[in-house]
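> when you get a sec, could you give me coordinates for this:
(2 chains)
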Amino acid sequence: MDKTGKKSAQLENAHSSGADSARKHCGGVRLGIQAVAALIQNANFKGFFTGKIYTGKTKQVCVPGLNCYSCPGAVGACPVGSLQNFLSGLTFRFPYYVLGILIFIGALCGRIVCGFLCPFGFIQDLLYLIPFYKKNQFKVDKYLRYLKYAVLLILVILLPLSMPLTPAFCKYVCPSGTIAGGITYVTNPIIRSQFGWLFNWKLIVLGIIIVSGLIVYRPFCKYLCPLGSFYGFFNRFALIRMRFDESSCVHCGACAKACKMNIDPSKKPNSMECIRCGDCVRACPEKALHIGVRDQKTDTPS
Amino acid sequence: MKKHFHIKNNLPAVILIVIGIALIVFGISSGQATSVLNKARKICMECIGIG
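Predicted coordinates:
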């Protein structure tokens, strides 16, 4: 079979109902992993009813994803909140511990955290499953992607450094904190009376993220998340990363079509935008892509 | 299809993992894990939208 014939046959194969069903099944497995990860990171179930946060020793460990430590269920610390806490302290302390955790996780697996472990990523995945008007590709998308790097630089690093006791990202943007606030509002009558304009502002931000999450796949991860932008720098080097065997690729485009983050994995398998959901791996009819620690090489006859 | 682990291809990751572990150990020894705990065991007013 010539290359064109092979390509069209593979395209047909990639889009067959069998492949689609396998993809949906594996997507379901990922949702299951995300649900378990979210539950583990929020295992203080009693807190959801009492409104009181967990104070045990596990809270000295930063969780890998975005999960507010003020959520009554949280059993770990939020890495973004902890980082800002060091940077906005009255006396500056270089955040060795938090930065070490972030570098360790990033170098180990990059944005796999976004695809599998982040509770807010899980919420957005669920939102996108809701039948609604979908428009996942639009003109300004590629420009909006840079916004998350500005959020990391300005709101997470520069503003906390220049304004003591102001964790700017947590205070003005973080949707995870707003959800935590919402739970506290409902369950803790003592704190309820203190909510004001800031909470209303954060509710508006959360509302925009939720509504856009129905239309666009993971808008917060694409355009705003400072943690995703940080881990994205490691995607190229991470130990567990996308491995692409170019010699197996038939350029059918199935991987790019399957990618909801709008990346072409055959051109940029380790793009900073890739959240390692694995949709492209499952879509590839030639198994040219895989996520792991080992490179794959096609056997050549000796 | 064979899969191979090449240390050369993964060297940057291994170096960064070692740096990460070193920073964590140094951070713990200088009491930063306790600082994280002290912050995380109180409700963060800014985070939940009180300010």
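> could you pull out the strands for chain A?
Secondary structure of chain A (DSSP state E): strands at A:241-244, A:289-292, A:295-297.
> could you dump the ones you listed into JSON lines with distance to chain B added?
C-beta coordinates here come from the backbone N, C-alpha and C atoms, glycine included. Below are these laid out as JSON lines (distance: least, Cβ to the nearest Cβ, whole Å):
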{"stretch": "strand A:241-244", "distance to chain B": "8"}
{"stretch": "strand A:289-292", "distance to chain B": "7"}
{"stretch": "strand A:295-297", "distance to chain B": "5"}
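> could those strands be laid out in TSV, adding distance to residue A:208?
Converted to TSV, these look like this (distance: least, Cβ to Cβ, whole Å):
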stretch	distance to residue A:208
strand A:241-244	31
strand A:289-292	32
strand A:295-297	42
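> where does the prediction get shaky in chain B?
Along chain B, the model assigns pLDDT under 70 to residues B:1-2.
> residue A:145 - how many residues pack around it?
The tally of other residues near residue A:145 (other Cβ atoms under 10 Å in any protein chain shown) stands at 17.
> how about it, nearest residue that isn't a chain neighbour?
Nearest non-adjacent residue to residue A:145, counting by Cβ to Cβ, 6 or more residues apart in numbering or on different chains: residue A:222, 6.1 Å away.
> same question for residue B:7.
Of all residues not flanking residue B:7 in the chain, residue B:14 sits nearest, at 7.4 Å (Cβ to Cβ, 6+ apart).
> the closest residue to residue A:109 other than its chain neighbours: neighbour count?
Nearest residue to residue A:109, sequence neighbours excluded (Cβ to Cβ, 6+ apart): residue A:240, at 4.5 Å. Residue A:240 has 16 neighbours, counted by other Cβ under 10 Å.
> surely residue A:240 and residue A:294 touch.
No. The criterion here is Cβ atoms under 8 Å, and residue A:240 misses it with residue A:294 at 10.1 Å.
> ok, back up a step: please identify the deepest-packed of the strands of chain A.
Counting by mean count of other Cβ atoms under 10 Å in any protein chain shown, strand A:241-244 has the highest mean neighbour count of the strands of chain A, with a mean of 22.
> show me what that strand is packed against.
On a contact count with 3 or more Cβ pairs under 8 Å, 6 or more residues apart in numbering or on different chains; DSSP states H and E, strand A:241-244 meets strand A:289-292.
> hmm, back to that, surely the residue nearest to residue B:7 is within a strand?
No. Counting by DSSP: H, G, I helix; E, B strand; the rest coil, residue B:14 is not found in a strand; it is helix.
> and it, how many residues sit next to it?
Residues near residue B:14, counting by other Cβ under 10 Å, number 13.
> likewise residue A:126?
Close neighbours of residue A:126, defined as other Cβ under 10 Å, add up to 13.
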